[in-house]
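A.B. asks: Mind folding the following:
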Amino acid sequence: MYILRIEHPVPDFNGWKKAFDSDPVGREKSGVRHYQILRPTDDPNYVMIDLEFDTAVQAEALLAAMRVVWGRVEGTIMMNPKARIVEAVETRSY
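C.D. replies: Below is the predicted model of the structure:
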């Protein structure tokens with residue numbers, strides 16, 4: 001499994017969430033199998049999003065599409081995005 005981790009500050013979480021929910025890149029059609037949104041407990045205006053894929057190619061393609069979206073909304077809905085694609089090499093539940 002490959003995970004695209006995106007993180008950035010947001011000026012208003014509710015405004016950002018509305019934009020996220022509008023799904024401008026078509027997450028499901030892009031191969032996203034699961035996602036989760038995280039926020040630090042001490043900073044409600046910072047988000048981390050994990051998007052899970054079957055292949056690195058799918059993750060890279062969605063990241064390219066997100067860079068286009070960021071170019072249109074940076075400074076209004078979100079700022080200074082950082083992204084990294086990682087491979088899950090082991091998971092365990094207790």
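A.B. asks: where do the helices sit along this protein?
C.D. replies: Along the chain, the stretches classed as helices by DSSP state H are 13-21, 56-73.
A.B. asks: ok, residues contacting the first one?
C.D. replies: Helix 13-21 has contacts (C-beta atoms under 8 Å, 6 or more residues apart in numbering) with 10, 37, 39, 44-45, 47, 49, 73, 77-78. (Glycine included, C-beta is placed from N, CA and C.)
A.B. asks: now swap in the longest one and tell me
C.D. replies: Contact partners of helix 56-73, identified using C-beta under 8 Å, 6+ apart, comprise 2-4, 6, 19, 24-25, 27, 30-32, 51, 53, 78, 81, 83, 85, 87.
A.B. asks: One more pass at 6 Å, please.
C.D. replies: 2, 4, 24-25, 30-31, 53, 81, 83, 85 (C-beta atoms under 6 Å, 6 or more residues apart in numbering).
A.B. asks: can you pick the most crowded of those?
C.D. replies: Within the contacts of helix 56-73, neighbour counts (other C-beta atoms under 10 Å) peak at L4, which reaches 24 neighbours.
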